[in-house]
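Asks: based on what follows, work out the 3D shape:
(chains A and B)
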Number of protein chains: 2
Amino acid sequence: MSGDDKQFMEQIVCEGDIGYLAFTSDEPYVIPLNYAYCNGRILFHCALEGRKLDLIRAHPTVCMAVARQEGHPTPHAGDACDNPFESVLCWGTARVIDDLDERQTILNEFQVRYDTPDHKREPISRERTEKCGAVEIVVTRMTGRKVGGKAKVRWEWEEE
Amino acid sequence: MSGDDKQFMEQIVCEGDIGYLAFTSDEPYVIPLNYAYCNGRILFHCALEGRKLDLIRAHPTVCMAVARQEGHPTPHAGDACDNPFESVLCWGTARVIDDLDERQTILNEFQVRYDTPDHKREPISRERTEKCGAVEIVVTRMTGRKVGGKAKVRWEWEEE
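Replies: Sure thing, here's the model as predicted:
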């Protein structure tokens, strides 16, 4: 467990496009979503109501997975998997952002994540903020692994 | 709810490479894995022991998400998300395959999923079967959605 471990995992989370968020619920439930990772927080926007917001309000502990691999899995059986594959799990506490000022700030942070020279993001107006929900997850623990060739690396980080 | 719905969702699941599997557990937990989808079953291989096998043995109900999108999310706020995005959630009952004959068959089904002309898969030997775990998930319910432009489509299927 080291600062380097966290850095490797944060890079994978920052570069990912789709996170898969699992909730604390009686029935297993996981949803794909676009997110932004900023300063130890996972941010996403959503509708103003719905199942995921109800679940977060009831039980704020969540787990989000991000993974990437090169090409298809290579043939193997019994031998270790050796397809280049990196994955990170982030556990944390989610919060539905009800305050409009805070929500506007978070929606702007989310926008910036996907800013590109040819797709410039406009700042989010108050009017639009009122129509769009937002959630912030404060990440308190991460585990990650990287498999490639015969090498396996495991990473860990936990808030002190 | 119709046969067409199931067909659209099965296509997305068949074409996906990484599934994100959530478990029935006190702590939210989701892991990325390569899988094969064959005849209403999700198949994956794994180590012979570990947390996910313990969880499945304790509570076999699982949920797996598969998603894909084109490019980065487009700018929006308040307006509907209109980035092309397709996702499917599959619920089902998972079973750790202890019987070696059955496991060998399932590992071979998994291999075939990733067969390509230039990466021909060898049949799995009994010796290799003994070293590699396998899990089968019988899918009993699926929901899916497709977002693109201003169109939103939702799919549903449940075993009768």
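
Asks: what average pLDDT does stretch A:60-73 get?
Replies: Taken as a whole, stretch A:60-73 carries a mean pLDDT of 90.

Asks: could you check the pLDDT of A:Asp115?
Replies: On the pLDDT scale, A:Asp115 is placed at 74.

Asks: I'd say it and A:Arg121 touch.
Replies: Yes: under the criterion of Cβ atoms under 8 Å, A:Asp115 makes contact with A:Arg121 at 4.7 Å. No exception for glycine: its C-beta is placed from N, CA and C like everyone else's.

Asks: which one of these two has more residues nearby?
Replies: A:Arg121 (17 against 11; other Cβ atoms under 10 Å in any protein chain shown).

Asks: state the distance from that one to A:Ala36.
Replies: Using Cβ to Cβ, to the nearest Å, A:Arg121 is found at 11 Å from A:Ala36.

Asks: overlap in contacts of those two?
Replies: A:Val112, A:Tyr114 (Cβ atoms under 8 Å, 6 or more residues apart in numbering or on different chains).

Asks: longest strand of chain A?
Replies: Looking across chain A with DSSP state E, the single longest strand is strand A:133-148.

Asks: what is that one packed up against?
Replies: helix A:3-15, strand A:41-46, helix A:51-58, strand A:85-96, helix A:100-113, strand A:151-158 (3 or more Cβ pairs under 8 Å, 6 or more residues apart in numbering or on different chains; DSSP states H and E).

Asks: so for it, mean pLDDT?
Replies: Per-residue scores along strand A:133-148 average to 96.

Asks: spatially central residue in chain A, please.
Replies: Nearest residue to the geometric centre of chain A (Cα atoms, centre = their mean): A:Gly19, 4.7 Å.

Asks: does chain B have contacts with the host helix or strand of it?
Replies: Element membership for A:Gly19, per DSSP states H and E: strand A:18-22. Yes: using Cβ under 8 Å from any Cβ of the partner chain, strand A:18-22 reaches chain B at A:Ile18, A:Tyr20, A:Leu21, A:Ala22.

Asks: picking that back up, to chain B, which of the helices and strands packed on strand A:133-148 lies closest?
Replies: strand A:85-96 (4.9 Å; Cβ to the nearest Cβ).

Asks: mind listing residues that contact the closest one?
Replies: Under Cβ under 8 Å, 6+ apart, the answer for strand A:85-96 is A:9, A:12-13, A:42, A:53, A:56-57, A:60-69, A:133-148, A:155, B:27-32.

Asks: the residue nearest to the centre of chain A touches A:Val66, doesn't it?
Replies: Yes: between A:Gly19 and A:Val66 there is a contact under Cβ under 8 Å: 5.2 Å.

Asks: what do the two both touch?
Replies: By Cβ under 8 Å, 6+ apart, the residues touching both A:Gly19 and A:Val66 are A:Val13.

Asks: what strands line up against the strand holding A:Gly19, and which way round?
Replies: strand A:30-34 (antiparallel), strand A:61-69 (antiparallel) (DSSP bridges).

Asks: in TSV: the ones you listed, plus mean neighbour count.
Replies: Shown next, in TSV, are the strands paired with strand A:18-22 (neighbours: other Cβ atoms under 10 Å in any protein chain shown):
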stretch	mean neighbour count
strand A:30-34	22
strand A:61-69	22
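
Asks: out of those, which is closest to B:Thr129?
Replies: Nearest to B:Thr129 among those is strand A:61-69 (24.1 Å), distances taken as Cβ to Cβ.

Asks: give the rounded mean pLDDT of the strand holding A:Gly19.
Replies: 98.

Asks: repeat for stretch A:36-50
Replies: Per-residue scores along stretch A:36-50 average to 95.

Asks: what's the first-to-last distance across that stretch?
Replies: 20 Å (Cα to Cα, to the nearest Å).

Asks: how far does that stretch sit from its chain's centre?
Replies: With Cα atoms, centre = their mean, to the nearest Å as the basis, stretch A:36-50 stands 8 Å off its chain's centre.

Asks: also stretch A:47-67?
Replies: 12 Å.

Asks: endpoint to endpoint, that stretch covers what distance?
Replies: End to end - Cα to Cα - stretch A:47-67 spans 25 Å.

Asks: cool, stretch A:112-124 as well?
Replies: 11 Å.

Asks: got it, and stretch A:27-41?
Replies: For stretch A:27-41, the first-to-last residue distance is 26 Å (Cα to Cα).

Asks: repeat for stretch A:24-43
Replies: Stretch A:24-43: ends 18 Å apart by Cα to Cα.

Asks: again, but for stretch A:7-24
Replies: 27 Å.

Asks: buried ones in that stretch?
Replies: With burial defined by 16 or more other Cβ atoms under 10 Å in any protein chain shown, the residues of stretch A:7-24 counted as buried are A:8-10, A:12-13, A:16-24.
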